[in-house]
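J.: sequence? don't have it. structure:
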């Protein structure tokens, strides 16, 4: 049985609900909105947009929310493809995070159309019981998860300040909850020197490619001393224009990952010193530009994870618990701030891996549609459980007030 679904006191009233009653209520509301939820998933899948450019996905999502009676906050986020909408006025604020960005050339190869539609579906189901639960349902459009990390921008702008708990599901090949993610940082690196004829006057040049070679070698040697589980990747994106000219400019992209954000800071310090060594040895200047926000590791709330697991059993799904880190996500930053879940909801992709065209091909399949609806149900049921559990509710409200 799902714990915490027996009673909760609200303004001297008592709301009684068994798990079966909760599930039946949510299923009824999801069934009412099923056409709109699946149409949204299919439309986003068929019309992929890159991070920060998801204008059509935003309009489609907002259209569904307006139809359900959601209002849009003032002010809205500064990012043009982010938004904040809400339904209800209760003190417990449940945030549903909507991702809708695609990948270059291969479309929704990470299944963000499934992610988006599931979050919207959960919001619609919860909105129908918002008064009963004395909650506010807050929907946040969170752009550019694949690139710059729109959720971090929304955190910085205060859009999570009133949130009690945050939720979303992610498309995958299997049903998993409890997993972590790797903290991640990306930098664009520029070395600048001075050009010269490589044969007639090489001593007049300052070789920017040499700077990058020294830095890359230093990073390679430093890997032995990095924290366990660290990953540092580097590619050269510019190394000169002609073999008979001393390169005046070189560029690289560096990606760093670690199990925890504090370990990521250690890696960043080490890599920065390796890059500075290249500049010092060659006499070049160095410019490091962060490529988007740093991502923290994901922490999934145990209570919400268990409630999600138990709810998904009612949909015939066996959701495994696995705490191993998988990839990186800006939902990690949200989870450091408020209790959160980010389970994987699975469907048959015939062995295709994320970020491949083969995975994208299954994003509007019958299996993906079922994953959208089941994910919506699981999120809504987990939030419902937390809202009705007196200890959980009070703990979430205390956290929000502080």
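T.: Okay, I see it. Predicted model, so just to flag it, every value in this text is computed and none were measured.

J.: can you give me the strands for the stretch 1-150 of the chain?
T.: Under the criterion DSSP state E, counting those that start in this stretch, the stretch 1-150 of the chain carries strands at the ranges 7-10, 13-16, 71-72, 83-87, 92-98, 135-141.

J.: which one of these lies closest to residue 309?
T.: Closest to residue 309 of the strands of the stretch 1-150 of the chain, according to C-beta to C-beta: strand 92-98, at 18.3 Å. C-beta: built from backbone N, CA, C; applies to glycine.

J.: gap between the closest residue to residue 321 other than its chain neighbours and residue 326?
T.: Nearest non-adjacent residue to residue 321, counting by C-beta to C-beta, 6 or more residues apart in numbering: residue 178, 4.4 Å away. Residue 178 sits at a distance of 11 Å from residue 326 (criterion: C-beta to C-beta, to the nearest Å).

J.: also residue 362?
T.: Separation of residue 362 from residue 326 (C-beta to C-beta) stands at 19 Å.

J.: swap in residue 333?
T.: Distance from residue 333 to residue 326, by C-beta to C-beta: 16 Å.

J.: low-confidence bits of this structure, can you list those?
T.: Within the chain, the stretches with pLDDT under 70 are 1-17.

J.: what about the longest helix in it?
T.: Longest helix of the chain, by residue count under DSSP state H: helix 19-46.

J.: which of residue 362 and residue 326 has more neighbours?
T.: Using other C-beta atoms under 10 Å as the criterion, residue 362 and residue 326 rank with residue 362 on top: 22 against 17.

J.: leaving out sequence neighbours, find the closest residue to the more buried one.
T.: In space, residue 362 is closest to residue 349, 4.7 Å off (C-beta to C-beta, 6+ apart).

J.: using the three-state scheme, assign that neighbour.
T.: coil (DSSP: H, G, I helix; E, B strand; the rest coil).

J.: run a quick neighbour tally on it.
T.: 23.

J.: check the gap between it and residue 76 for me.
T.: Distance, residue 349 to residue 76, using C-beta to C-beta: 35 Å.

J.: could you do residue 240 as well?
T.: Applying C-beta to C-beta, the value for residue 240 to residue 76 is 45 Å.

J.: and if you look at residue 176?
T.: 34 Å.

J.: between those two, tell me which one has more neighbours.
T.: When residue 176 and residue 76 are compared for neighbours, residue 176 comes out ahead with 19 against 15, by other C-beta under 10 Å.

J.: how about the contacts made by the nearest residue to the more buried one once chain neighbours are set aside?
T.: Closest residue to residue 176 apart from its sequence neighbours, by C-beta to C-beta, 6+ apart: residue 344 at 4.4 Å. Taking C-beta atoms under 8 Å, 6 or more residues apart in numbering as the criterion, residue 344 is in contact with 169-172, 174-177, 179, 326.

J.: which one of those residues has the most neighbours?
T.: Result: residue 169 is most packed of these (other C-beta under 10 Å), 32 neighbours.
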